[in-house]
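Colleague: using only what follows, build the 3D model:
(chains A and B)
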Amino acid sequence: MNDKKVIWKRKPLIKNRLLRIGLILIISTYLLSVFLTTEIDWQRILEGIPRGKNFIFAFFPPDFITRSDEILAGIFESLWMTIVATIVGILISIPVSLGAAKNIAPKFVYFLSRGVITLSRSFQEVILAIFFVKLMGFGPFAGMVTLSLSTIGFFAKLLSEDIEDINKSQAEAIKSTGSSWFQWVNYGVQPQVMPRFIGLSLYRLDINFRESAVIGIVGGGGIGSTLNTAFDRYEFETAAAVLIVIISIVMIVEYTSSHLRKLIK
Amino acid sequence: MPIIKQKDYKTWKKFDRKRDLQNWLCWFLGTLIFSFCFGLISSKTIWFYVFDSHNEALDLLGRMFPPETNYFFTLIKPIWDTLNIATIGTTIGTLIAIPLAFLSANNTTPSKKFLRPLALFCIVSSRSINSVIWALLLVAVVGPGVLAGIIAIGLRSIGFCGKLLYEAIEEIDENQIEAIEATGANKAQIMTFGIVPQILPAFTSISIYRWDINIREATVVGLVGAGGIGIELDAQIGDLAWAKVSVILLTIVVAVVFSEWITAKIRKAII
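Modeller: From the prediction side, this is the model:
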């Protein structure tokens, strides 16, 4: 017995052996069924590889100059759209987030606001944009409406969670002075959620700019339209330039917004 | 918080005069920027269409109801495809994100000067290009279909997972690694026994979170031809078959709510 080595083994991730084997079985059957039901046209892919190579090489060198006016106009349009949409979206989401906070709103308002949030969150910006472009015509206005509405889902959800986490005694102290409901929200709740509020607004500004690049593809104006036009004209050098511009602006916006958020904290 | 003395009584104000002025200035500047931007937008807007939009919306709603419920059965395959795009895409994305995260975390990167900026650049560029744009590019390369969607979602997920993961790696407890090191473990052993167990919870919650987002994104990559329910949506909008479009929209809402419910359940079970 003495010369028998004691070997240490790591504990398995899932303790229950049956569950472990079951999970592996489920996952492998799932993968198998995916593989069987997905039609992948290997012929097309083999054809596509040289075509893809040409396609990617068509992007080089990026051409900033030929369409520089359109690229600049697209970027500025995206920026205006982003700023206006973020502000409008936040203004609408303030009442919604108050309504979606369990500790403030009555049951009826709570469910209504949660419904609005879920609805706004379930549709991607692109789908919303298709409808608003159809309703309001092409151009940045439709894009702005889309971005504002999708801001609600994001902003109101996160802000209402923060409102639910506030320190109750502070809010109660304000209430005990005999304040009205508006005074109570303004002096008891608002100062407590303000840091989060500013952080979220900056974050959303960043997201909205990124999304504005996509909704242009379906006609919502901004840099996305420029990109789509470049693709449609087979001017891939210009498309590459647009993509590079988008990436660099997103990088700048992200760095500044994360820097600002750190500053505020 | 100043108390202002009027003639014979005191009042309380939240801010003193200077702070009040600053606030006012900020609001003024904000309003100025807002109206300037809005002016530029409105100059490019045909207001006739905007003011007419409620009629258009009512008309559209009228065409959407009642939804053509039978149509749902033809949607089952596209829904299955959408689910696969999201799941397989997430798997691929997270798998590629792991090495990238190790390369870009300050405390695990092998070379700070060369590999780290490169990995960070990959992460940022994957994050800044939306999955629809990725899909647009990939449909041209691999052809329309589920595969393009899977790759698009995968590429898009790399950035998100990579960023969150490398932040998690940077926050690990160094003492545990030192303890493993003290046993004479080599680099690979330090990795598997010192770092991986510490980031595993973060990794699971990140991938589940990304899966939830990807279900949403997988519904739209089809709009540019990359498989899933988006293809149906695009086709039916093109056909102006609004009674079918409403079925698709309802299905998307149900799918998204369902995925949110599932992720909440899994997260509760794991954490």
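
Colleague: use CA for all of it now, contacts and neighbours both
Modeller: OK.

Colleague: would you mind listing what in the stretch 151-265 of chain A touches chain B?
Modeller: A:210-211, A:213-214, A:243, A:246-247, A:250-251 (CA under 8 Å from any CA of the partner chain).

Colleague: 7 Å - rerun?
Modeller: By CA under 7 Å from any CA of the partner chain, the part of the stretch 151-265 of chain A that sits against chain B consists of A:210, A:214, A:247, A:250.

Colleague: mind listing which of those residues are in helices?
Modeller: Judged by DSSP state H, the subset of these located in helices is A:210, A:214, A:247, A:250.

Colleague: quick one: neighbours of residue 216, just the number.
Modeller: Using chain A here. Neighbour count of A:Gly216, defined by other CA atoms under 10 Å in any protein chain shown: 29.

Colleague: if you could check chain B rather than the one you did, that'd help
Modeller: Using other CA under 10 Å, B:Arg216 has 23 neighbouring residues.

Colleague: quick check: it is in a helix.
Modeller: Yes - under the criterion used here (DSSP: H, G, I helix; E, B strand; the rest coil), B:Arg216 sits inside a helix.

Colleague: any idea of the pLDDT on it?
Modeller: Looking at B:Arg216, its pLDDT reads 88.

Colleague: helix or strand right after the strand or helix carrying A:Glu47?
Modeller: In this assignment (DSSP states H and E), A:Glu47 forms part of helix A:42-57. With elements assigned by DSSP H and E, the helix or strand that comes after helix A:42-57 is helix A:68-99.

Colleague: how far off centre is that following helix?
Modeller: Centre-to-centre, helix A:68-99 and its host chain are 13 Å apart (CA atoms, centre = their mean, to the nearest Å).

Colleague: kindly report the same for stretch B:112-121.
Modeller: On the basis of CA atoms, centre = their mean, stretch B:112-121 is displaced by 24 Å from the centre of the chain it belongs to.

Colleague: state the mean pLDDT of stretch B:141-161.
Modeller: The pLDDT scores in stretch B:141-161 average 88.

Colleague: how about that stretch and chain A, any contact?
Modeller: Yes - Stretch B:141-161 reaches chain A (CA under 7 Å from any CA) through B:141-143, B:147.

Colleague: check contacts around the closest residue to chain B within the stretch 101-250 of chain A.
Modeller: With CA to the nearest CA as the measure, A:Met136 is the residue of the stretch 101-250 of chain A nearest to chain B, at 4.7 Å. With contacts defined as CA atoms under 7 Å, 6 or more residues apart in numbering or on different chains, the neighbours of A:Met136 are A:142, B:49-50, B:53.

Colleague: which of the ones in helices among the residues of the stretch 151-265 of chain A next to chain B are buried, as a ChimeraX select command?
Modeller: Only the buried members of those enter the following ChimeraX selection, criterion being 16 or more other CA atoms under 10 Å in any protein chain shown:
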select /A:210,214,247,250
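
Colleague: JSON lines please, covering the ones in helices among the residues of the stretch 151-265 of chain A next to chain B and showing pLDDT.
Modeller: Written out in JSON lines, the entries for these read as follows (pLDDT from 0 to 100):
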{"residue": "A:Arg210", "pLDDT": "83"}
{"residue": "A:Val214", "pLDDT": "83"}
{"residue": "A:Ile247", "pLDDT": "80"}
{"residue": "A:Val250", "pLDDT": "77"}
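
Colleague: in the stretch 51-200 of chain A, which ranges drop under the pLDDT threshold?
Modeller: In the prediction, the stretch 51-200 of chain A carries no residues with pLDDT under 70.

Colleague: just for the stretch 151-271 of chain B, where's the confidence low?
Modeller: B:271.

Colleague: would you mind listing what in it touches chain A?
Modeller: Taking CA under 7 Å from any CA as the criterion, the neighbours of chain A within the stretch 151-271 of chain B are B:216-217, B:253, B:256.

Colleague: and A:Ala129, helix, strand or coil?
Modeller: Reduced to three states with three-state DSSP, the structure at A:Ala129 is helix.

Colleague: and the closest residue to it other than its chain neighbours, what does it touch?
Modeller: Closest residue in space to A:Ala129, ignoring its immediate chain neighbours: A:Thr146 at 5.5 Å, by CA to CA, 6 or more residues apart in numbering or on different chains. With contacts defined as CA under 7 Å, 6+ apart, the neighbours of A:Thr146 are A:125, A:128-129, A:132.

Colleague: highest neighbour count among the residues you listed?
Modeller: Taking other CA under 10 Å to define a neighbour, the member of the contacts of A:Thr146 with the most is A:Ala129, carrying 26 neighbours.

Colleague: is it true that that residue touches A:Gly220?
Modeller: Yes - applying CA atoms under 7 Å, one finds A:Ala129 in contact with A:Gly220, separated by 6.4 Å.

Colleague: so what sits against both of those two?
Modeller: Common neighbours of A:Ala129 and A:Gly220, counting by CA under 7 Å, 6+ apart, are A:142-143.

Colleague: report the buried residues of the helix or strand containing B:Glu232.
Modeller: For B:Glu232, the host element (DSSP H and E) is helix B:229-238. Residues of helix B:229-238 classed as buried by neighbour count (16+ other CA under 10 Å): B:229-234, B:236-237.

Colleague: among those residues, which two are most distant?
Modeller: B:Ile229 and B:Ile237 (12.4 Å; CA to CA).

Colleague: helix or strand for the residue nearest to A:Ala129, which one?
Modeller: In this structure, A:Thr146 sits in helix A:140-164 according to DSSP H and E.

Colleague: and the contacts of A:Thr146, which is closest to B:Thr11?
Modeller: Of all the contacts of A:Thr146, A:Glu125 has the smallest distance to B:Thr11: 48.6 Å, by CA to CA.

Colleague: still on that earlier bit, just read off the phi/psi values of the residue of the stretch 101-250 of chain A closest to chain B.
Modeller: Summarising the backbone geometry of A:Met136 under the convention degrees, to the nearest 10, its torsions are phi -110, psi 0.

Colleague: how far off centre is the next helix or strand after the helix holding B:Glu232?
Modeller: Scanning the chain past helix B:229-238 towards its C-terminal end, the next helix or strand to appear is helix B:242-270 (assignment: DSSP H and E). Averaged C-alpha coordinates place helix B:242-270 at 16 Å from its chain's average position (CA atoms, centre = their mean).
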